[in-house]
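Undergrad: no sequence on this one, just coordinates:
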């Protein structure tokens, strides 16, 4: 056995490295717009917050719709081709953003984007903003279409290359790419936009995906076909094949729950409410934080202070959210609680974290660091809440229904995100125009609009948890 271990290749870990890089790039591609729109794109196209809210809202719901079909697409195409197509599409979508300026100028009848940016006529500005918004929506939808395939393809790769006991660890490694991307993006993207122009920020970050495709095409093969995987590693990878075959047979015999019938269960609606009320909060922080620090405190995304604030926010999210999976485990192992009850208690605790967002605006009067810290704590609460919310599906539903319920919940989250993004954009535009005529708890104008949104985000989780508890007061699994 010692000899076998010594001679075993470790090609499976190179697959994890590729998955980690892909997830990092995925997250960075998604962040380019939020880190450039306020300082670079908005002046060129005369956008309002409502315009930006429309773009992010449609991206959110289209991404959710694509997620419903992404897994089936990857299964149909196979891991290698499916992942290549996914990252190729989203990289192309990222780069397509760069030509929106040129196309807008052409369609609007301007010789250059500089002339378009200098336009002052109200009617002409309306035409410019309308054309540019629709072009960005088109590019954003292409991005969403491709990005939806990242997670299903990555999960499929870990299932192919790792035995069950190692899959959670491998998944945690590649999934940390989201956190790394969140930290790297604000430190690089605004500087690229400042040095080369916002168009090149999209092209350079989007181009990273095409480079990755070359490594994937060269390095990936199914383990049994890979020249880099020796017999010892292959035996290690397939160590629980017999058990998996038995599980597949049991799953095949398991009765499936029709889609329509899923909506007759209170448990389904509990999960739907958990996603509907909270997914949009995370996307709100993701898409609007750079704009908030610019409008509220005057820190551009490409300034040293602006980058430090966003990096601090996501560092807090990254390091605190890791307790999301540990807390219910502690309740079960040390307190002897039922897994579902331990999970619901953990979700209640994490539902209090977003309340920190209520203090972001009042404390922001003293320093911009307070909102960065409080929004970071709220975001960490969301990530921990979300991890436990997904786990409640396995607690309540038979295996044959888990994917269906996950898809339903994902759609609900997309709908919730659509309304919160669109609502935020409309509110910020209205409050800015209204000025002192719009007030909320001691704030007026746009700061009042931000405070309204922070209150909605802060209270959403406790409301969601309460409604979930009303629908499912105690552990009540569905037996089919």
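TA: Nice, I can see it. What you see is a predicted model; the values in this text were computed from it and never measured.
Undergrad: how about low-confidence regions in the chain?
TA: For the chain, residues meeting the criterion pLDDT under 70 lie at 1-6, 168, 241-256, 324-325, 399-400, 402-403, 479-480.
Undergrad: looking at it, which helix is longest?
TA: helix 399-434 (DSSP state H).
Undergrad: helices or strands up against it?
TA: Helix 399-434 makes packing contacts with helix 49-77, helix 259-262, helix 266-297, helix 369-396, helix 446-471 when contacts are defined by 3 or more C-beta pairs under 8 Å, 6 or more residues apart in numbering; DSSP states H and E. Where C-beta positions appear, they are placed from N, C-alpha and C, glycine not excepted.
Undergrad: do you know how far residue 347 is from residue 385?
TA: 6 Å (C-beta to C-beta, to the nearest Å).
Undergrad: helices along the stretch 1-150 of the chain, start to end?
TA: Taking DSSP state H, counting those that start in this stretch to define them, one finds helices in the stretch 1-150 of the chain at 2-7, 11-36, 42-45, 49-77, 79-96, 100-108, 113-117, 122-147, 150-161.
Undergrad: and the residue nearest to residue 411 when sequence neighbours are not counted, how many residues sit next to it?
TA: Excluding its sequence neighbours, the residue lying closest to residue 411 (C-beta to C-beta, 6 or more residues apart in numbering) is residue 64, at 5.4 Å. For residue 64, the neighbour count with other C-beta atoms under 10 Å is 24.
Undergrad: my guess is residue 64 meets residue 409, correct?
TA: No - with contacts defined as C-beta atoms under 8 Å, residue 64 does not count as touching residue 409, sitting 9.7 Å away.
Undergrad: could you chop the chain up by domain?
TA: Annotated domains of the chain cover 13-220, 255-480 [automatic domain parsing].
Undergrad: now tabulate those in CSV and tack on distance to residue 238.
TA: CSV is the format used below for the domains of the chain (distance: least, C-beta to C-beta, whole Å):
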stretch, distance to residue 238
domain 13-220, 8
domain 255-480, 22
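Undergrad: ok, now how distant is residue 165 from residue 472?
TA: Here residue 165 is placed at a distance of 32 Å from residue 472 (C-beta to C-beta).
Undergrad: pretty sure residue 230 is in contact with residue 8, am I right?
TA: Yes - taking C-beta under 8 Å as the contact criterion, residue 230 and residue 8 are neighbours in contact, 6.9 Å apart.
Undergrad: between those two, which is the more surrounded one?
TA: Per other C-beta under 10 Å, whichever of residue 230 and residue 8 has more neighbours is residue 8, with 18 against 14.
Undergrad: so what's that one up against?
TA: Residues in contact with residue 8 (C-beta atoms under 8 Å, 6 or more residues apart in numbering) are 230, 232, 233, 236.
Undergrad: start to end distance for stretch 353-367?
TA: One end of stretch 353-367 to the other measures 20 Å (C-alpha to C-alpha, to the nearest Å).
Undergrad: same question but for stretch 358-376, I mixed them up
TA: Length of stretch 358-376, first residue to last, C-alpha to C-alpha: 12 Å.
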